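J.: How does the following fold in three dimensions:
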Amino acid sequence: MKVFRALLIIVGVFIASGAFAQSSAELKRRRDKLTQELEQLNSEYQQTASNKKVSIKQLNILKAQINLREEKILNINSEVRNLDNQISKSNNTVHTLQSQLDQLKKDYAGMVLFAYRNQSAYNKLMFVFAAKDFNQAYRRLKYLQQFGTYRERQAGYIQGTQKELHVKINELDKDKREKSNLLTEQEKEKQTLGKQKNDQVRVISDLSKHQGELKQQQRDIQKKIAKTTREIASAIRKEIEAARREEEERARAAARAAAAKAKAENREAPAAPKKTAVKTTSEILNATPEAAKLSNDFLGNRGRLPWPVTNGQLIHGFGTYTDSEGIRNDNNGYEIRTANGAPVRAVFDGEVSRVVDVYGTYTVIIKHGEYFTAYSNLRSLTVSRGQKISTKQTIGTVYTDPLSGDATVIFSLYKGTTAVNPKLWLADN
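T.: Okay, the predicted model is just below:
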């Protein structure tokens with residue numbers, strides 16, 4: 001029974017270790033990704049810092065670095081908590097295994113002493129013949145035969161427990177070293193974070209000297225975003241109206257064909273179809289089998305769509321946010337920072353519905369059945385209206401703002417005329 005409990009403890013340790021390893025691996029992957037993004041931002045910041053004139057780009061990069069570094073510190077905190085839990089469990093396991101090993105050794109010592117006292121053949125025979133009856137003698141004989149086997153098995157249990165104890169002690173030492181390294185890294189990140197927050201205060205102070213110019217830049221950006229949003233909404237409404245007219249024309253063509261066939265067969269023309277209820281936007285956009293299939297395929301890839309750029313950091317997500325000037329803004333999509341001149345790609349198969357020029361930059365709208373995706377702030381295009389598009393196909397390159405130095409693409413997703421949160425549709429970046 002004691003041996004069975006020891007095996008349960010060992011199995012439980014392996015299960016707990018597996019769960020910990022999975023969680024720890026996920027946290028480590030996230031920490032490595034944050035480190036990579038921070039290194040990239042640091043490289044960009046060094047380039048902007050070489051310019052004596054403080055720019056909005058410097059401030060934006062500092063803000064992004066601060067946010068990522070704070071997230072990395074929180075990530076390290078989670079890793080340390082995991083390690084603390086694992087170290088505590090490992091300590092308990094080591095104590096339990098040590099107690100179990102001590103008991104096994106004690107039991108084994110008793111068996112060795114018994115075997116020593118009864119090692120001669122004479123003593124064994126006397127033990128058997130001293131039985132009260134034949135049945136007891138038989139049981140004593142079987143006991144002597146099984147005793148040796150049991151002693152060997154107990155020796156095996158001792159060796160196995162010693163080995164497991166050694167493994168757990170090594171794991172415990174490894175976890176303690178890893179925790180120490182994480183705490184060192186965390187302290188380094190905190191120091192860097194403090195320095196960057198001081199840099200942010202300095203940059204804001206320098207930029208405040210040009211407050212009027214900055215506010216005008218912000219107003220220009222908001223004006224451009226508002227116009228882009230209106231253009232997208234207008235383009236989608238036009239697409240819906242065009243689909244409605246096409247369906248009506250198909251219905252009229254079918255009626256004409258039926259009338260012509262009846263006339264050719266010298267039959268009475270069929271009665272004109274009764275006026276049906278007004279169809280929904282979804283029914284209009286999915287009127288053809290091809291459109292319905294594309295909508296279903298798009299919906300089936302919810303949460304797995306690729307990002308519109310291969311490498312990028314999310315600046316503003318879907319919904320309302322407040323910018324550095326304290327202005328509230330409504331964002332209908334994802335604003336993503338990427339590299340200068342980076343290619344922008346379609347997130348799914350579809351057809352280019354519209355290409356719109358907004359103050360010298362382009363917005364491409366792609367139709368996916370009843371769904372639409374929009375890619376704004378493009379410098380150049382590689383597609384045109386009516387062109388069939390495949391997933392991850394390049395549709396243009398991102399525009400870089402000469403004043404801020406930021407290369408950002410705004411990605412929006414609509415179901416009919418309703419904007420939806422891209423977070424629910426895009427894969428983890």
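
J.: pull the helix or strand with minimum mean pLDDT from the protein.
T.: The helix or strand of the chain with the poorest confidence is helix 121-129; it has a mean of 50 (mean pLDDT, DSSP states H and E).

J.: Tell me where the stretch 151-300 of the chain is predicted with low confidence.
T.: Under the criterion pLDDT under 70, the flagged ranges of the stretch 151-300 of the chain are 151-162, 165, 207-217, 262-263, 269-278.

J.: Recalculate using a threshold of 80.
T.: For the stretch 151-300 of the chain, applying pLDDT under 80 flags the ranges 151-172, 203-222, 247-248, 250-279.

J.: could you show me where the helices are in it, in order?
T.: 211-264, 281-285, 289-300 (DSSP state H, counting those that start in this stretch).

J.: Give the buried residues for the shortest one.
T.: Read that as helix 281-285. In terms of neighbour count (16 or more other CB atoms under 10 Å), helix 281-285 has its buried residues at 281, 284-285. Glycine gets a C-beta too; all of them are placed from N, C-alpha and C.

J.: so what does the top strand by length along the chain touch, helix or strand wise?
T.: In the chain, taking DSSP state E as the definition, the longest strand is strand 371-381. Applying 3 or more CB pairs under 8 Å, 6 or more residues apart in numbering; DSSP states H and E, one finds that strand 371-381 contacts helix 211-264, helix 289-300, strand 350-358, strand 361-368, strand 394-398, strand 408-415.

J.: Listing partners with orientation, what would you give for that strand?
T.: Paired neighbours of strand 371-381 in the sheet (DSSP bridges): strand 361-368 (antiparallel), strand 394-398 (antiparallel), strand 408-415 (antiparallel).

J.: possible to save those as JSON lines with mean pLDDT, mean neighbour count and distance to residue 66?
T.: Formatted as JSON lines, the strands paired with strand 371-381 follow (pLDDT from 0 to 100; neighbours: other CB atoms under 10 Å; distance: least, CB to CB, whole Å):
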{"stretch": "strand 361-368", "mean pLDDT": "94", "mean neighbour count": "23", "distance to residue 66": "28"}
{"stretch": "strand 394-398", "mean pLDDT": "95", "mean neighbour count": "21", "distance to residue 66": "24"}
{"stretch": "strand 408-415", "mean pLDDT": "93", "mean neighbour count": "23", "distance to residue 66": "18"}
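
J.: Which one of the ones you listed lies nearest to residue 186?
T.: strand 408-415 (30.9 Å; CB to CB).

J.: Now do that closest one: distance to the chain's middle.
T.: Averaging C-alpha positions (CA atoms, centre = their mean, to the nearest Å) puts strand 408-415 19 Å from its chain's average.

J.: got it, and stretch 26-40?
T.: Using CA atoms, centre = their mean, the distance between the centre of stretch 26-40 and that of its chain works out at 13 Å.

J.: Same question for stretch 69-78.
T.: Counting by CA atoms, centre = their mean, stretch 69-78 comes out at 16 Å from the chain centroid.

J.: helix or strand for residue 320, which one?
T.: strand 319-322 (DSSP states H and E).

J.: how about the strands paired with strand 371-381 in JSON lines, adding distance to residue 237?
T.: Output for the strands paired with strand 371-381, formatted as JSON lines (distance: least, CB to CB, whole Å):
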{"stretch": "strand 361-368", "distance to residue 237": "12"}
{"stretch": "strand 394-398", "distance to residue 237": "22"}
{"stretch": "strand 408-415", "distance to residue 237": "11"}
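
J.: For residue 381, which of these is the nearest?
T.: Ranking the strands paired with strand 371-381 by proximity to residue 381 (CB to CB) places strand 394-398 first, at 4.4 Å.

J.: any idea of the angle that closest one forms with strand 350-358?
T.: 20 degrees (axes from the mean of the first three to the mean of the last three CA atoms, to 10 degrees).

J.: what are the C-alpha coordinates of strand 394-398, in CSV please?
T.: Below are the C-alpha coordinates for strand 394-398, written out as CSV (Å, rounded to 0.1, in the frame of the first residue of the first chain):
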residue,chain,number,x,y,z
THR,A,394,-0.1,41.8,-51.9
ILE,A,395,-2.4,44.6,-52.7
GLY,A,396,-0.1,47.6,-52.1
THR,A,397,2.5,49.2,-49.9
VAL,A,398,2.0,51.2,-46.7
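
J.: what's the closest of the helices of the stretch 151-300 of the chain to residue 370?
T.: Taking the helices of the stretch 151-300 of the chain one by one with CB to CB, helix 281-285 is closest: 3.8 Å.

J.: Next one: residue 419 relative to residue 332, how far apart?
T.: Computed as CB to CB, to the nearest Å, the residue 419 to residue 332 distance reads 4 Å.

J.: Which neighbours do the two have in common?
T.: 318, 412 (CB atoms under 8 Å, 6 or more residues apart in numbering).

J.: and residue 197, which of the strands paired with strand 371-381 is closest to it?
T.: Proximity to residue 197, assessed across the strands paired with strand 371-381 by CB to CB, is greatest for strand 408-415 (23.6 Å).

J.: Mind listing residues that contact the closest one?
T.: 225, 228, 232, 236, 307-309, 312, 315, 332-338, 342, 344, 347, 370-378, 398, 401, 419-422, 425.

J.: Let me know the secondary structure of residue 93.
T.: helix (DSSP: H, G, I helix; E, B strand; the rest coil).

J.: my read: it touches residue 169, true?
T.: No. Residue 93 is beyond contact range of residue 169, at 9.8 Å (criterion: CB atoms under 8 Å).

J.: Of these two, which one has the most company?
T.: The residue with more neighbours, out of residue 93 and residue 169, is residue 93; 22 against 15, by other CB atoms under 10 Å.

J.: if I look at that one, how far off is residue 243?
T.: 65 Å.

J.: wait, isn't residue 370 in contact with residue 291?
T.: Yes. With contact defined as CB under 8 Å, residue 370 reaches residue 291; the gap is 7.3 Å.

J.: Common neighbours of the two, please.
T.: Common neighbours of residue 370 and residue 291 (CB under 8 Å, 6+ apart) are residue 285.

J.: Which one's more surrounded, the two?
T.: residue 370 (25 against 18).

J.: tell me which residues in stretch 75-86 are buried?
T.: 75-76, 79-80, 82-83, 86.
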